[in-house]
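[1] Have a look at this prediction, sequence included:
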Amino acid sequence: MEKIVLHNGLRLLVEYMPHLRSVSTGIWVDTGSAHEQEGQFGISHLLEHMMFKGTTHRSALEISSAMDNVGGVLNAFTGREQTCYYTRCLDEQVELALDLLADMYQNSLFDAAELEREKNVVIEEINMYEDTPDERVLDLFAQTLWPQHGYGRSISGSAADVAALDRQQVVDYHHAHYTAGQTVLAMAGSIAPQRAAELVERLFTPRAAAAAPERLSPPLQSAGGDGYVAKNIEQTHVCLGFPAFSATDDDYYAASILNSAFGGSSSARLFQEIREKRGLSYGAYSYFDAFDCGGYFLAYASTQPANCAELIDVMAEEFHRLAEDGLTEDEVERSKQQLKGAMLLNMESTSYMMRKLGRHELTFGRVYSVDELVAQLMAVTPEDVRRVARRLVVPGRAVLAQVGPQQCPRFAGRLFA
């Protein structure tokens, strides 16, 4: 991997993979929903949509068809802390891809009429997620865990939030955050670093920020408790979990191993106990997600209301067992091999490598090599995992979120004592 800071201020990261025929390119902007202030909620995601709605050089149709016409991909996503616009195409089309991304990044019009139409599209997207209970319960868990912080807000904002936004707000937000210092360009595939630098230097002319964007976020304070949203559906969807630490914490890899063995696959504890042994749910999984300031570790499953209390009981007991005993040596070793294998296989994908470059640069200020990542993973011991399990699973900090036709009571045993 080569990192080049260009004359225009952009950080360019290139993973040269000459044996392939494709190139994945991503513009990573260091802003997301957690950085929005009162009156801006949902603006990062709305701005992402508007970047596809026309520039001084291309119509919305020309933007959407540019990659389609050459068999490539153009898309974007907004997260809590980062926004990414990306392409994947044949190496012979990389100049077209970079020109397209540069045009969107620098020359978007943010037309007022298009904005009003796209606000309706985003509101329908919000409604779609409201009708998707497994997505809704994850948002509810975050809202219950972080009621006073941006991490707890929905990335899309509410329908009312989006409806209240206007063109000037979108333009101002773009001007404040889409600057050279806030942007990383990540490329992976069949393109040499020098060739990439020449193209980016010619096509991109990002602004230098007059001042760092204002980020007034309250301290990250988590709250234990219950969240419930009533839905007239067949199942109750349940998330039970705890606050976790940031992506830069020394225990990140121990937590990743813990999560893998606890609920990361169909051979993990949760799936085996909840589905295979008890038949309570079609699937049962755990998630460990980490951001700049904190994260969460949770279990998820869904079941019919009559079985909901038993499901929560089983989840709580599995968390308690995890905190008391950690993982066996065999579980730790198997999880290491699973994570190592997945990591090394993913390294063969230009899309994965592009995302790794962008996320690492914005999160850590550097890109870790595969050898460094594997070394950190393999250095974790069963005792590390046991210690981290007790660090994460703290009874008084448990959060229970439910979406379904009725709210099941908390498990009254040791986990919530």
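    Yes, it's here.

[2] neighbouring contacts of stretch 159-167?
    Applying CB atoms under 8 Å, 6 or more residues apart in numbering, the external contacts of stretch 159-167 come out as 39-43, 46, 110, 112, 115, 119, 122-123, 126-127, 156. (Each C-beta comes from the backbone N, C-alpha and C, glycine too.)

[3] Which of those fall within helices?
    For the contacts of stretch 159-167, membership in helices holds for Ile43, Leu46, Ala112, Leu115, Lys119, Val122, Ile123, Ile126, Asn127, with DSSP state H as the criterion.

[4] Quick one: low-confidence residue ranges for the stretch 251-400 of the chain.
    Within the stretch 251-400 of the chain, no stretch has pLDDT under 70.

[5] filter the ones in helices among the contacts of stretch 159-167 to the buried ones?
    The neighbour count (16 or more other CB atoms under 10 Å) marks Ile43, Leu46, Leu115, Lys119, Val122, Ile123, Ile126 as buried among those.

[6] right, and the first one touches Val170 too?
    Looking back up the chat, that one is Ile43. Yes - the pair Ile43 / Val170 is scored as a contact, 6.5 Å apart, by CB atoms under 8 Å.

[7] mind listing what the residue nearest to His7 when sequence neighbours are not counted touches?
    The shortest distance from His7 to any non-neighbouring residue, by CB to CB, 6 or more residues apart in numbering, is to Glu201 (6.4 Å). Glu201 sits next to Leu6, His7, Asn8 when contact means CB under 8 Å, 6+ apart.

[8] Among the residues you listed, which one sits closest to Glu331?
    Closest approach between the contacts of Glu201 and Glu331, by CB to CB: Leu6, at 46.3 Å.

[9] Leaving out the residues flanking it, which one is nearest to the closest one?
    Closest residue to Leu6 apart from its sequence neighbours, by CB to CB, 6+ apart: Glu201 at 5.4 Å.

[10] A helix includes that neighbour, no?
    Yes - applying DSSP: H, G, I helix; E, B strand; the rest coil, one finds Glu201 inside a helix.

[11] Read off the pLDDT value for it.
    pLDDT, Glu201: 95.

[12] separation between it and His19?
    26 Å (CB to CB, to the nearest Å).

[13] again with Leu377
    As for Leu377, its distance to His19 is 25 Å (criterion: CB to CB).

[14] same check, this time on Gln338
    Per CB to CB, Gln338 is found 26 Å from His19.

[15] These two - which one has more neighbours?
    Gln338 (17 against 8; other CB atoms under 10 Å).

[16] Where does the nearest residue to that one once chain neighbours are set aside fall, secondary structure wise?
    Take Gln338 and drop its neighbours on the chain: the residue closest to it by CB to CB, 6+ apart is Ser260, 5.7 Å away. Here Ser260, judged by DSSP states H and E, is contained in helix 252-263.

[17] same thing with Ala188?
    Using DSSP H and E, Ala188 falls in strand 183-189.

[18] shouldn't Phe271 be in contact with Ser265?
    Yes - between Phe271 and Ser265 a contact is recorded at 7.0 Å, counting by CB under 8 Å.

[19] and the residue at minimal distance from the centre of the chain, how far is that from Glu38?
    The chain has Gly79 as the residue nearest its centroid, 5.3 Å off, counting by CA atoms, centre = their mean. The gap separating Gly79 from Glu38 is 20 Å, by CB to CB.

[20] What segments of the stretch 151-300 of the chain are strands?
    With DSSP state E, counting those that start in this stretch as the criterion, the stretch 151-300 of the chain has strands at 183-189, 225-230, 236-244, 284-290, 295-303.

[21] Tabulate the ones you listed in CSV, adding columns for distance to Gly152 and mean neighbour count.
    Shown next, in CSV, are these (distance: least, CB to CB, whole Å; neighbours: other CB atoms under 10 Å):
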stretch, distance to Gly152, mean neighbour count
strand 183-189, 26, 27
strand 225-230, 10, 16
strand 236-244, 11, 25
strand 284-290, 13, 22
strand 295-303, 10, 26
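
[22] you'd agree Tyr252 is up against Ala290?
    Yes - at 6.3 Å, Tyr252 counts as touching Ala290 under the criterion of CB under 8 Å.

[23] quick one, what contacts Leu322?
    Leu258, Phe262, Arg269, Ala389, Val393.

[24] re earlier: out of the buried ones among the ones in helices among the contacts of stretch 159-167, which two sit at the greatest distance?
    The largest separation in these, counting by CB to CB, is between Leu115 and Ile126 at 16.1 Å.

[25] ok, Ala142 touching His149?
    No - the pair Ala142 / His149 is not scored as a contact, 9.3 Å apart, by CB under 8 Å.

[26] before we move on, back to that, nearest to Glu331, out of the ones in helices among the contacts of stretch 159-167: which one, please.
    Of the ones in helices among the contacts of stretch 159-167, the one sitting nearest to Glu331 (CB to CB) turns out to be Ile126, at 39.6 Å.

[27] And the next helix or strand past the helix or strand hosting Gln338?
    Gln338 belongs to helix 329-346 when assigned by DSSP H and E. Using DSSP H and E, the helix or strand that follows helix 329-346 in sequence is helix 350-364.

[28] what distance separates stretch 45-59 from the centre of its chain?
    22 Å (CA atoms, centre = their mean, to the nearest Å).

[29] Need the residues that contact that stretch.
    By CB under 8 Å, 6+ apart, the residues outside stretch 45-59 that reach it are 33, 60, 63-64, 66, 76-78, 83, 85, 100, 103-105, 107-111, 114-115, 118-119, 121-122, 155-157, 162, 165, 170, 173-174.

[30] domain assignment for the protein?
    Domains of the chain are assigned by automatic domain parsing as 2-203, 225-416.

[31] ok, back up a step: packing partners of the helix holding Gln338?
    On a contact count with 3 or more CB pairs under 8 Å, 6 or more residues apart in numbering; DSSP states H and E, helix 329-346 meets helix 252-263, helix 370-378, helix 382-392.

[32] Can you tell me which of the ones you listed is nearest to Glu92?
    Checking the helices and strands packed on helix 329-346 against Glu92 by CB to CB gives helix 370-378 as the closest, at 27.6 Å.
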